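J.: Please work out how this folds:
(2 chains)
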Amino acid sequence: GDSVTQMEGPVTLSEEAFLTINCTYTATGYPSLFWYVQYPGEGLQLLLKATKADDKGSNKGFEATYRKETTSFHLEKGSVQVSDSAVYFCALGSNMYSGGGADGLTFGKGTHLIIQP
Amino acid sequence: DTEVTQTPKHLVMGMTNKKSLKCEQHMGHRAMYWYKQKAKKPPELMFVYSYEKLSINESVPSRFSPECPNSSLLNLHLHALQPEDSALYLCASSQPTSGGRETQYFGPGTRLLVL
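T.: Have a look, this model is predicted:
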């Protein structure tokens, strides 16, 4: 079945450092890939997405490129801020059921990011 | 607007109580989802409604009963829960496509504590 593997952390960085959170996936077919962010006590917010190979998703200074050859979707940001401290989930969406239609997302375990001033 | 709303924000209930969680979206999405999230874990899929019909039930105990009264509303009825059911319950919605790879938008969640 489909699966997502991401570094769990916690990842602790200083403000203005470069961030990479690795995410690799296993899936049949051509899934869509997502990064969601969860701030303490809140729900999940969509950070960025990519729907096909070589697509680059970007938002709020974060970027991730859909790499089919390495089955990866690593999250990067050039200069992190204290306000980026949160849990980041890599997820994939694929049609696991015949006939199409809505399906649940497959999530990685989440990466807790801590940014120190 | 990509807003999904959930009420209540917090809920404390005893094991003999009956309560309901409510989710609403006005984005015209025709797929809605319930997920359960335990502390420091990723969300786990519970139910999927597609065009107001239950399409996926991930072997959830019958003490959880979903309902989709219309395309904008999703309820989760709770009865005789156990303390281990304490968690954050997340609702999400999306516009279903033939590939099932559509973007899901999440609500803020209901934090449930079962005593």
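J.: going forward, measure contacts between C-alpha atoms and count neighbours the same way
T.: OK.
J.: so what's the closest residue to B:Tyr51 other than its chain neighbours up against?
T.: Distances taken as CA to CA, 6 or more residues apart in numbering or on different chains place B:Arg30 nearest to B:Tyr51, at 5.1 Å, with adjacent residues excluded. Contacts for B:Arg30 (CA atoms under 8 Å, 6 or more residues apart in numbering or on different chains) come out as B:49-52, B:71-72, B:93-96.
J.: same thing but 6 Å
T.: Residues near B:Arg30 by CA atoms under 6 Å, 6 or more residues apart in numbering or on different chains: B:50-51, B:71, B:95.
J.: how many other residues sit next to the closest residue to A:Thr111 other than its chain neighbours?
T.: The shortest distance from A:Thr111 to any non-neighbouring residue, by CA to CA, 6+ apart, is to A:Glu8 (4.3 Å). Using other CA atoms under 10 Å in any protein chain shown, A:Glu8 has 17 neighbouring residues.
J.: Give me the secondary structure label for A:Glu8.
T.: Assigned state for A:Glu8: coil (three-state reduction, DSSP: H, G, I helix; E, B strand; the rest coil).
J.: Assign B:Tyr33 to helix, strand or coil.
T.: strand.
J.: Neighbours of it, how many?
T.: Residues lying near B:Tyr33 (other CA under 10 Å) number 26.
J.: do A:Ser83 as well
T.: A:Ser83 has 12 nearby residues by other CA under 10 Å.
J.: quick one, phi psi at it?
T.: Backbone torsions for A:Ser83, taken as degrees, to the nearest 10, come to phi -70, psi -10.
J.: Which helix or strand contains the nearest residue to it once chain neighbours are set aside?
T.: Nearest non-adjacent residue to A:Ser83, counting by CA to CA, 6+ apart: A:Ile115, 7.7 Å away. Using DSSP states H and E, A:Ile115 sits within strand A:111-116.
J.: Can you list the helices and strands that that strand packs against?
T.: Strand A:111-116 is packed against strand A:11-14, strand A:86-93, with contacts defined by 3 or more CA pairs under 6 Å, 6 or more residues apart in numbering or on different chains; DSSP states H and E.
J.: Bridge partners for A:Ala64, pull those for me.
T.: Beta-bridge pairing for A:Ala64 (DSSP bridges): A:Gly57, A:Leu75.
J.: Tell me how far it lies from chain B.
T.: In this view, A:Ala64 and chain B are 16 Å apart by CA to the nearest CA, to the nearest Å.
J.: Which residues are in contact with that residue?
T.: Shown in contact with A:Ala64 (CA under 6 Å, 6+ apart): A:56-57, A:73-75.
J.: Retrieve the pLDDT associated with it.
T.: Here, the pLDDT recorded for A:Ala64 equals 98.
J.: give me the number of residues near the closest residue to A:Gly104 other than its chain neighbours?
T.: Once flanking residues are discounted, A:Gly104 sits nearest to B:Leu45: 6.1 Å by CA to CA, 6+ apart. By other CA under 10 Å, the residues close to B:Leu45 number 23.
J.: correct me, but A:Thr51 touches A:Tyr30?
T.: No: the pair A:Thr51 and A:Tyr30 fails to qualify as a contact (CA atoms under 6 Å) at a distance of 8.2 Å.
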